[in-house]
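need a structure here:
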Amino acid sequence: MFNRDTLFLLPRKKLGNWKFDEEVAEVFPDMIRRSVPGYSDLISMIGLLSRHCVQSHSSIYDLGCALGAAIVSVQKNIKVIGCKMIAVDNSSAMTNRCRHYINSFNFNTPVEVLTMDACQVPIHNASLVLLNFTLQFIPIDKRQKLLDSIWNGMNSKGVLVLSEKLSFSDQDIESLLLKIHYDFKRDNGYSALEIQQKNKMLNSVMITETLDAHKKRLEKAGFHTSQLWFQSINFASLLAFKRNLN
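Numbering: from 1, shown residues only. Next up is the predicted model:
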């Protein structure tokens, strides 16, 4: 049973920039369930996707792995042999818990958990790469280089999962979906104060972009085929293919 997120239930005198520290890691499963619509469904679908996209004797990368939910979902669905998984997060609070969580299962596919910047990870022999709500925390001027590196390190027919909170150029749509997302969090038990304090801390470190901006960056990297395969309110996930799947 996970701990309930009550980190911002009371007013804080000083709100700095958001950090994935020990406090956040301890309540992260509850936090993301109550904050990101459709998150558990997306994690399950990534597992199903891996049945069809993971190639034998290849590598699977999760860049921004948090506590390892996607890693476990993929592990449960791998149907081929000789694979290895590399789970990466720049928060030691996350990776320490991720190792413990993964080790609680008896999986055949080995997992290496690394505490490092996703932009510094060398990608090799990859058939599946996961970027789940990670790119939005990376400075915009570094995002293209990361996607270029992923494309260059992928096998033929490799697949990238890119999941992000979206912004919208149409301000009416942007406003409406933000209001719906606010209601989603309120209906999941967060107070107006909790939402306000979290938003203030996130605003300077989480920079969202439009779907079109993501697709253009993917195309520039070499992913000439990308497809929206999941969206819930203003949270979405794209599949990007190194080469069209047959």
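
So residue 157 belongs to a strand, correct?
Yes: looking at residue 157 with DSSP: H, G, I helix; E, B strand; the rest coil, it is inside a strand.

That one - how many residues pack around it?
Neighbours of residue 157 under the rule other Cβ atoms under 10 Å: 14. No exception for glycine: its C-beta is placed from N, CA and C like everyone else's.

dump the residue contacts of the closest residue to it other than its chain neighbours.
Using Cβ to Cβ, 6 or more residues apart in numbering and skipping the chain neighbours, the partner closest in space to residue 157 is residue 243 (5.3 Å). Neighbouring residues of residue 243 by Cβ atoms under 8 Å, 6 or more residues apart in numbering: 156-157, 225.

what's the answer for residue 91, then?
With contact taken as Cβ under 8 Å, 6+ apart, residue 91 is in contact with 19-21, 25, 115.

who wins for neighbours among those?
In the contacts of residue 91, the most neighbours by other Cβ under 10 Å go to residue 25, 21 neighbours.

element containing it, please.
Residue 25 is part of helix 22-35, with elements assigned from DSSP states H and E.

What residues of the helix or strand following that helix count as buried?
Proceeding N to C from helix 22-35, the next assigned helix or strand is helix 39-53, under DSSP H and E. Of all the residues in helix 39-53, those buried under the rule 16 or more other Cβ atoms under 10 Å are 39, 42-43, 45-47, 49-50, 53.

For the helix or strand just after helix 39-53, which strands pair with it and how are they oriented?
Using DSSP H and E, the helix or strand that follows helix 39-53 towards the C-terminus is strand 59-63. Here strand 59-63 is paired, per DSSP bridges, with strand 84-89 (parallel), strand 126-132 (parallel).

could you check the angle helix 39-53 makes with strand 59-63?
If you take axes from the mean of the first three to the mean of the last three Cα atoms, to 10 degrees, strand 59-63 sits at 160 degrees to helix 39-53.

Would you pull up how far strand 59-63 lies from the middle of the chain?
12 Å (Cα atoms, centre = their mean, to the nearest Å).

Summarise which helices and strands the helix or strand following it is packed against.
Reading on from strand 59-63 to the C-terminus, the next helix or strand found by DSSP H and E is helix 69-75. Judged by 3 or more Cβ pairs under 8 Å, 6 or more residues apart in numbering; DSSP states H and E, the packing partners of helix 69-75 are helix 39-53, strand 59-63, strand 84-89, helix 92-103, strand 126-132.

Of all those, which one comes closest to residue 191?
Residue 191 lies closest to helix 39-53 among the helices and strands packed on helix 69-75, at 20.6 Å (Cβ to Cβ).
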